[in-house]
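1. Give me a 3D structure for the following:
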Amino acid sequence: MLDATEIEALFTREDGAFAFARWGRPIAPIVFGVTDDTLSVVKGALEAVMVLSGHRMAETDPELGSNLMMFFFRDWDELRDVPGLDRLIPELASLVARLTSVEANQYRVFHFDPEGAIKACFVFLRMDADLSAVPAETLALSQTVQSVLLWSDTAFRSRSALAVAGEKTILRPDIAALIRAAYDPVMPAVAQDPSHALRLAARVGQMQ
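-> Model (predicted):
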């Protein structure tokens, strides 16, 4: 299992700031740019992570309609043509230019409520050769896990949140335990103090 130091690192950004947040409202997802078969895989991953966390899904969000939006596409410029997306992400034009310049193949944008809990997440996946080679189940689970908490921008840079068990790709047991602890009702939805990692580690230990 992860110790407090390892947990702290998962929520400490490259600039040294500690920032933890979980969803503060039910997740109402919508997925763009996939076939029906892939859509069912993505929804299956979402449902599995929701069962794990104890958090809820909903058909609609009263403020946004859908608050977890996943976009699968071939070219970043395609985002410029999505109706209304520039209202949800005012910096869309500059973001597209920046992601295009570095040849990025994925990006996530989080929005937060006044208390700092996650209220929306936009997941952008440019299906280049690398992402297209990833099995749909693996890609769906990875993106869902990375959207369920405000992880550090370096959290899974050196080690994936997933693991291989036989012929299946699964969520690492230590990451699964951490997600369960993070969504425990006794834990706060938002924290900026690194001491929160100690509380998470203790909660993980109590759940074993």
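
2. And the strands in the protein, which stretches?
-> Here the chain has its strands, by DSSP state E, at 20-21, 29-32, 68-73, 106-112, 118-126, 162-165, 168-171, 190-191.

3. hey, which of the ones you listed is tucked in deepest?
-> Mean neighbour count (mean count of other C-beta atoms under 10 Å) peaks for strand 20-21 among the strands of the chain, with a mean of 25. Yep, even glycine has a C-beta here, placed from its N, CA and C like the rest.

4. List the contacts of that one.
-> Applying C-beta atoms under 8 Å, 6 or more residues apart in numbering, the external contacts of strand 20-21 come out as 11, 110, 112, 116-118, 149-150, 182, 189-192, 196.

5. What strands line up against it, and which way round?
-> Strands that pair with strand 20-21, judged by DSSP bridges, come out as strand 190-191 (antiparallel).

6. circling back: out of the strands of the chain, flag the one nearest K43.
-> Comparing the strands of the chain against K43 with C-beta to C-beta, the closest turns out to be strand 29-32 (7.3 Å).

7. Would you point out which residue is most central in this structure?
-> Geometric centre of the chain, nearest residue: S147, 1.1 Å, by C-alpha atoms, centre = their mean.

8. contacting residues for it?
-> Applying C-beta under 8 Å, 6+ apart, we find S147 in contact with L68, R108, C121, V123.

9. Spatially, which two of the residues you listed are the most separated?
-> Comparing every pair within the contacts of S147 by C-beta to C-beta identifies L68 and R108 as the most remote, at 10.3 Å.

10. so what's M50 closest to, chain neighbours aside?
-> Nearest residue to M50, sequence neighbours excluded (C-beta to C-beta, 6 or more residues apart in numbering): M57, at 5.3 Å.
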